[in-house]
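> I'll drop the sequence and a predicted model, then ask my questions.
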Amino acid sequence: MENLVICNGIGKHYREFTLGPLDLVVPAGRILGIIGPNGAGKTTTLKMLMNMVKPDDGRIEILGKHYPRDERAIKNAIGYVGEEQFFYEDRTVAWTGRFVSHFFTAWNENEFDQLLMRFGISRTKKVKTLSKGMRVKLALAVALSHRPQLIILDEPTSGLDPVIRRELLVILKERSLADENLSIIISSHITDDLERIADLVYYMINGRIVLADDKDTLLDEWKKLHFKAEKADEAMLAGLRNIERNLFGISGMTSQYNAFRAAHAEAIRAGDVRVENVRLDDILIALMER
Amino acid sequence: MVAILTKDLFQLRWLLLGALMVLLLLAVFLPVDAPVVLTISQYPVVLLVSSVLTVILPESREEKSQGYAFLASLPISRVGIVAVKFFLLLMVCGVLGGFSWLTSTIKYADFPIHGLLSLLVSLSIGGALVVGALFYTGTYCLGLARFTRVALVAMMLVQVAALYIGLQQFRGWSEESPMAAILENLLAIHPGWYLGAALAAWLTLLGFTTIFRKRI
């Protein structure tokens, strides 16, 4: 499978924060979710992919091209929705579409109109009169109307109500299914959203990628285990994270459930160990408490 | 490129029309026998004010609506954006300078003032383009905030030097006036103190604005 994005050791140094070195690979046709707490470096990473922030170290390759030489060609193939949506406030939605159409070689005016209709955005409205949700939808309409090969979304659902959030995710999923080569990178601290659509998940904490894997593998391997106090021995608890002891027994998180199951199949079968599925945010909390 | 140019030109349409109108009114209503100083000062003022506004108005609009953040997400390089902005200034200077030169040539072709007027128009346009080039290159390399600080320091140094030279010139003309004693005292101060005072004022202002910004 072809890799659309390859980042080798990219980093950025600020006075009080160092990002990276990061290695990031996004295969064609996959949806990559970047999860991390606020201030982890997600936005800076995505801005480096857009050349809005210049990395101090490392190398970024997108579609086999490099910044700054191929900036126009790279951005021509990217649909970007930032954390905040910037447009010319005094201009109308229709004007914004016309303005943007000059920059993208594959701009499709019909598609833009259809997306506006679907999102319920009036072409004659001025951008400054749009609500936060509508602005995100407009940004998404702009990002999708030039048939991008890569869509980068930086916290697009934060601050949106659940109905609009769900709608955005449905649109992204539809696009991903319709175009098997389309890759999407989406950062969020709302892990529910990523659980719905991501194929790959990267966990980012304090400027580093601390865990990267297939979402299904992660959810398959990471489990919360509850032991009866008298049945838990050292061998069972070895390698567990976030161990808690209380009146009801001992619990902890494993990142290698299949290995644990193979080693302690009897205990699981006998009910000495209860296995609980975890969500992506449970893994984030476990990683942060490590 | 064309889209940015069209957008900025649309924004500047009233400024351009106004400047052309003023130049036309000067050509029609300023008498040919008006004082030379009055005649030659009008064209440079119109050209310089128009060209400065040509830079400032689109920049303030971009700053206000975070236009550069929007443009950064589109397939255009930073060099491309700077090139378009400078090309816009070049166009405006070309149109207004050409119109000034044409109207003044038609009106003053047979008068000795014509040569001086043409020179001043050319100098105004040239000056505007040099300042524009410095501004756009500076903001491209340093960013608007840092470039503004550097430019303010440079302007302050130039103004201090101009003030000192001006005072020395003035001393020669006003030995008999009550100002003479004040001037003598002012000129007795070492130039370094002027520079030091100006730098201190600038640093105070910078510190104040930084603290103020942090509080916001």
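Okay, I see it. It should be emphasised that the depicted structure is a prediction, and the values quoted were computed from it without experimental measurement.
> and the helix or strand harbouring residue B:49, what's its mean pLDDT?
Here residue B:49 sits within helix B:36-64, counting by DSSP states H and E. For helix B:36-64, mean pLDDT is 85.
> that one: which residues count as buried?
B:39-40, B:42-44, B:46-48, B:50-51, B:53-55, B:58-59, B:61-62 (16 or more other Cβ atoms under 10 Å in any protein chain shown). C-beta coordinates here come from the backbone N, C-alpha and C atoms, glycine included.
> show me which residues of chain B sit near chain A.
Residues of chain B found near chain A (Cβ under 8 Å from any Cβ of the partner chain) are B:2-3, B:7, B:61, B:64-67, B:69-70, B:72-77, B:80.
> now with 6 Å, please.
B:3, B:65, B:66, B:69, B:70, B:72, B:73, B:74, B:75, B:76, B:77 (Cβ under 6 Å from any Cβ of the partner chain).
> ok, and the most crowded of those?
residue B:73 (24 neighbours; other Cβ atoms under 10 Å in any protein chain shown).
> quick check, that residue in contact with residue A:80.
Yes - using Cβ atoms under 6 Å, residue B:73 is in contact with residue A:80, at 4.5 Å.
> look up how far residue A:7 lies from the most centrally placed residue in chain B.
By Cα atoms, centre = their mean, the mean C-alpha position of chain B lies nearest to residue B:52, the distance being 4.9 Å. Distance, residue B:52 to residue A:7, by Cβ to Cβ, to the nearest Å: 43 Å.
> now do the helices in chain A.
Counting by DSSP state H, chain A has helices at residues A:42-49, A:71-76, A:93-101, A:109-119, A:132-144, A:162-178, A:191-197, A:215-221, A:234-237, A:257-263, A:265-269, A:280-289.
> for the record, mean pLDDT for the strand or helix carrying residue B:204?
Using DSSP H and E, residue B:204 falls within helix B:191-215. Averaging pLDDT along helix B:191-215 gives 68.
> equivalent analysis for stretch B:7-20, please.
91.
> report the buried residues of it.
For stretch B:7-20, the neighbour count (16+ other Cβ under 10 Å) marks B:7, B:8, B:12, B:16, B:19, B:20 as buried.
> next: stretch A:212-223.
A:212, A:213, A:215, A:218, A:219, A:221, A:222, A:223.
> contacts only, for the fourth one.
Listed by Cβ atoms under 6 Å, 6 or more residues apart in numbering or on different chains, the contact partners of residue A:218 are residue A:201.
> now the stretch 101-250 of chain A against chain B: closest residue?
residue A:102 (3.7 Å; Cβ to the nearest Cβ).
> measure that residue to residue B:1 for me?
Distance, residue A:102 to residue B:1, by Cβ to Cβ: 8 Å.
> those two: which has the busier surroundings?
Ranked by neighbour count (other Cβ under 10 Å), residue A:102 and residue B:1 place residue A:102 first, with 16 against 13.
> those helices in chain B, which residues are they?
For chain B, the helices defined by DSSP H cover B:2-11, B:13-29, B:36-64, B:67-72, B:78-108, B:113-142, B:144-173, B:179-188, B:191-215.
> residues near residue B:184, how many?
For residue B:184, the neighbour count with other Cβ under 10 Å is 11.
> can you pull the pLDDT of it?
According to the model, residue B:184 scores 70 on pLDDT.
> if I look at it, how far off is residue A:7?
In terms of Cβ to Cβ, residue B:184 sits 69 Å off from residue A:7.
> same deal with residue A:258?
Residue A:258 is 30 Å from residue A:7, by Cβ to Cβ.
> I'm done for today, thanks for sticking with me.
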